[in-house]
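Novice: got a predicted model here, sequence first, then my questions.
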Amino acid sequence: MPKQPMSAWFLALCAVAMTLAACGGASPAATGTAPADDRVLFARLGDLARQRVHEATPGATLHQVDVLPGDGRYTFRFVDPASSRVANATGRIDAKAPADFTVTTEAIGTLAVPPTTPIDLATLRVGPDGIVAAAVQALGAATPRTLVLSRRDGRLVWRAVVNGPKGIVSGTVADETGRFVPDTP
């Protein structure tokens with residue numbers, strides 16, 4: 001059997017771990033992968049979404065990502081400054097090509113946070129699995145419902161809604177800290 005380069009092996013391992021996690025399979029701890037490993041897959045999906053959006057809207061930049069972990073669905077939301085519209089590229093965790101994303105457009109007011117500086121997924125420190133791990137650490141148990149990545153006050157911030165031991169809990173995770181901070185009632 002020919003020896004594959006380390007990077008191909010690592011990407012394959014990340015894809016398997018994320019697919020299992022999205023489908024309710026083994027957790028990152030059970031697969032031996034760290035929650036941070038999903039950033040590679042997340043950035044790859046973002047790049048595929050960008051390619052798909054740029055087919056029709058070359059100047060659009062990424063400003064928000066919506067993740068539905070239970071469905072394994074991602075929506076990368078790009079702002080087109082020329083038209084003041086949002087181009088949404090929606091795809092699943094198993095997307096392999098730009099064509100695997102469906103693109104729709106809507107008013108810019110649909111973003112969770114008004115657009116400022118675009119998001120660069122290559123600089124992301126905490127991916128979707130890391131958000132879930134942070135919620136579990138803070139709450140004792142958590143199953144993700146929705147995750148939204150945006151930039152607030154110049155910082156990358158995840159907004160998370162999870163099923164916790166005592167019901168639905170929402171909170172934030174700042175990319176630089178990786179800590180889940182529940183909203184105060």
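Specialist: Yep, it's here. This is a predicted model, so every value here is computed, not measured.

Novice: wait, residue 62 touches residue 80, no?
Specialist: No - when contacts are counted by Cβ atoms under 8 Å, residue 62 is not listed as touching residue 80 (11.4 Å). In short, each C-beta sits where N, CA and C put it, glycine included.

Novice: which of these two has more neighbours?
Specialist: residue 62 (23 against 18; other Cβ atoms under 10 Å).

Novice: skipping adjacent residues, who's closest to the more buried one in space?
Specialist: residue 119 (4.8 Å; Cβ to Cβ, 6 or more residues apart in numbering).

Novice: how far away is the one you found from residue 51?
Specialist: Using Cβ to Cβ, to the nearest Å, we find residue 119 at a distance of 16 Å from residue 51.

Novice: and the helices in this protein?
Specialist: Ranges of helices in the chain, per DSSP state H, are 6-22, 28-31, 38-54, 128-139.

Novice: and the third one, what's buried?
Specialist: Going by neighbour count (16 or more other Cβ atoms under 10 Å), the buried part of helix 38-54 is 38-46, 48-50, 52-53.

Novice: mind putting these in a markdown table, distance to residue 93 included?
Specialist: Listed next are the buried residues of helix 38-54 as a markdown table, based on distance: Cβ to Cβ, whole Å:
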| residue | distance to residue 93 |
| --- | --- |
| 38 | 10 |
| 39 | 14 |
| 40 | 13 |
| 41 | 7 |
| 42 | 9 |
| 43 | 13 |
| 44 | 10 |
| 45 | 7 |
| 46 | 12 |
| 48 | 11 |
| 49 | 12 |
| 50 | 17 |
| 52 | 15 |
| 53 | 18 |
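
Novice: closest one of those to residue 124?
Specialist: Taking Cβ to Cβ as the measure, residue 124 sits nearest to residue 39 out of those, at 5.4 Å.

Novice: which residue packs closest to the closest one, ignoring adjacent ones?
Specialist: residue 127 (4.0 Å).

Novice: next one: residue 99
Specialist: Distance criterion Cβ to Cβ, 6+ apart; nearest residue to residue 99, sequence neighbours excluded, is residue 52 at 7.1 Å.
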